[in-house]
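Chemist: need coordinates for the following:
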Amino acid sequence: MAERPKLVLAMQQDIVDLVLPAPLRDRLGTLADVHQVLVTDAADPASDAAFAEAEILFTGWGAPEIDTALLARTPRLAAVIHAAGTVKHHVRPEVWARGVAVSSAADANAGPVIEFTMATVVLAARRALGYAAGYHHGLQPAHAERRGADGAVVGVIGASRIGRGVIARLRAADAGFQVLLADPYVTPEDARALGVRLVDLDELCAASDIVTVHAPDLPETRHLLDARRLRMLRDGAAVINTARGRLLDTEALARECETGRIEAYLDVTDPEPLPVGHVLHRLRNVLLTPHIAGCQGSEVARLGAYAVEEVERFVSGLPLLGAVAAEDLARIA
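Modeler: Prediction:
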């Protein structure tokens, strides 16, 4: 672009400074003319002038839905650069139909989720929650009863970017984890390249000490871990979910956990947030966290940095590293 494009920020007010701390905001200002209006509500008449000029929408959590109606108000729009993970909740197919480029900072968000997952894998491999529950009642396991991580079988559901990152970390760990993968789109050749054993989901559930979920939330993946598959988990197994809550049957999981037979480490739930009185809140073999696996606090600036770099690539005519295509909507989280 010969001139600096007009850029509009569209996200929640309370995250702007986290996404774009001063150095990043200054850098963004060298790449584009940033409109003074922050769009937090597309229905606000104050956003009309900003949308009329916008060539780039720089979005984040709480961004307005970009649909046919909003496209009519943004006649010059050429790119949507999202400084967060999925664009599935706010970018509609008509955006691509109009030829607008779309980018996501999902790659930048993946690192913290992978780290969080690995932390829970280590806890689960040692059956930390079960031992903590016993210790609460004065029980201390004998050395012969204690479980370590070495050689634990970890079943990964979904070879997403996060799933693949977890696989890489598992294979590099000193514990010598045995890694199984269930993903209908992965070929045997892909599995060999990843260094995992490709199995169907039932076999993964029956054979794993730890099951970690990294599949997208699609109609066909709802309750992927249903009552039948949860019953297949071996005694002492653990379920980790840092993907989407709807992939697990919450009530069926609660019934299994109530027996004390398995543990669960849940950063996402269905519904979310989980009602305060839900049984999962009182079970000591369940760790519930409020969707904190992705970038948090100071880490959120990673998303902003990635998105600013995408703006730089866009204005320079370079390919977007985080480009999202219309056909990706059917398989992304």
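Chemist: separation between the most centrally placed residue in the chain and Ala119?
Modeler: By Cα atoms, centre = their mean, the chain has its centre lying nearest to Ala243, at 5.4 Å. From Ala243 over to Ala119 the distance is 16 Å, taken as Cβ to Cβ, to the nearest Å. Where C-beta positions appear, they are placed from N, C-alpha and C, glycine not excepted.
Chemist: with just CA atoms, put the helix or strand hosting Val121 into CSV.
Modeler: Under the criterion of DSSP states H and E, Val121 resides in helix 106-125. Output in CSV follows, covering the C-alpha atoms of helix 106-125 (Å, rounded to 0.1, in the frame of the first residue of the first chain):
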residue,chain,number,x,y,z
ALA,A,106,-3.7,-18.6,17.4
ASP,A,107,-0.1,-19.6,16.9
ALA,A,108,0.9,-17.1,19.6
ASN,A,109,-1.8,-18.4,21.9
ALA,A,110,-0.8,-22.0,21.5
GLY,A,111,2.4,-21.8,23.6
PRO,A,112,0.7,-21.1,26.9
VAL,A,113,-1.9,-23.8,26.3
ILE,A,114,0.8,-26.4,25.5
GLU,A,115,2.7,-25.4,28.7
PHE,A,116,-0.5,-25.6,30.8
THR,A,117,-1.4,-29.0,29.3
MET,A,118,2.1,-30.4,30.0
ALA,A,119,1.9,-29.2,33.6
THR,A,120,-1.4,-31.0,34.1
VAL,A,121,0.0,-34.1,32.4
VAL,A,122,2.8,-34.3,34.9
LEU,A,123,0.3,-33.9,37.8
ALA,A,124,-2.0,-36.5,36.3
ALA,A,125,0.9,-38.9,35.7
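Chemist: centre of the chain versus it, how much separation?
Modeler: Taking Cα atoms, centre = their mean, to the nearest Å, the mean C-alpha location of helix 106-125 is offset from the chain mean by 10 Å.
Chemist: just the buried residues of that helix, please?
Modeler: For helix 106-125, the neighbour count (16 or more other Cβ atoms under 10 Å) marks 106, 108-110, 112-114, 116-118, 120-121, 123-125 as buried.
Chemist: what is it packed up against?
Modeler: With contacts defined as 3 or more Cβ pairs under 8 Å, 6 or more residues apart in numbering; DSSP states H and E, the packing partners of helix 106-125 are helix 161-172, strand 210-213, strand 238-241, strand 263-266, helix 300-315.
Chemist: so can I have TSV of those showing mean neighbour count, distance to Ile56 and mean pLDDT?
Modeler: Shown next, in TSV, are the helices and strands packed on helix 106-125 (neighbours: other Cβ atoms under 10 Å; distance: least, Cβ to Cβ, whole Å; pLDDT from 0 to 100):
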stretch	mean neighbour count	distance to Ile56	mean pLDDT
helix 161-172	20	24	97
strand 210-213	27	34	98
strand 238-241	27	35	98
strand 263-266	26	37	98
helix 300-315	22	6	98
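Chemist: rewinding a little: ok, so of the buried residues of helix 106-125, who is nearest Glu3?
Modeler: Nearest to Glu3 among the buried residues of helix 106-125: Ala108, at 28.2 Å, using Cβ to Cβ.
Chemist: quick check: closest non-adjacent residue to Pro5.
Modeler: In space, and not counting its chain neighbours, Pro5 is closest to Glu55: 3.9 Å by Cβ to Cβ, 6 or more residues apart in numbering.
Chemist: name the nearest residue to Ala101, ignoring sequence neighbours.
Modeler: Per Cβ to Cβ, 6+ apart, closest to Ala101 is Ala79, 4.3 Å.
Chemist: show me what the one you found is bridged to.
Modeler: Ala79 has these beta-bridge partners by DSSP bridges: Ile56, Ala101.
Chemist: right, and it touches Val315 too?
Modeler: No - counting by Cβ atoms under 8 Å, Ala79 does not reach Val315; the two are 9.2 Å apart.
Chemist: quick check, Gly155 in contact with Phe177.
Modeler: No - using Cβ under 8 Å, Gly155 is not in contact with Phe177, being 10.5 Å away.
Chemist: ok, the residue nearest to Pro5 - contacts?
Modeler: Met1, Pro5, Lys6, Leu7, Ala32, Arg76, Leu77, Ala78, Ala79 (Cβ atoms under 8 Å, 6 or more residues apart in numbering).
Chemist: save those residues as JSON lines, and put in pLDDT, secondary structure and distance to Glu309 too.
Modeler: Shown next, in JSON lines, are the contacts of Glu55 (pLDDT from 0 to 100; DSSP: H, G, I helix; E, B strand; the rest coil; distance: Cβ to Cβ, whole Å):
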{"residue": "Met1", "pLDDT": "47", "secondary structure": "coil", "distance to Glu309": "16"}
{"residue": "Pro5", "pLDDT": "97", "secondary structure": "coil", "distance to Glu309": "15"}
{"residue": "Lys6", "pLDDT": "97", "secondary structure": "strand", "distance to Glu309": "19"}
{"residue": "Leu7", "pLDDT": "98", "secondary structure": "strand", "distance to Glu309": "14"}
{"residue": "Ala32", "pLDDT": "98", "secondary structure": "coil", "distance to Glu309": "13"}
{"residue": "Arg76", "pLDDT": "98", "secondary structure": "coil", "distance to Glu309": "22"}
{"residue": "Leu77", "pLDDT": "98", "secondary structure": "coil", "distance to Glu309": "20"}
{"residue": "Ala78", "pLDDT": "98", "secondary structure": "coil", "distance to Glu309": "17"}
{"residue": "Ala79", "pLDDT": "98", "secondary structure": "strand", "distance to Glu309": "13"}
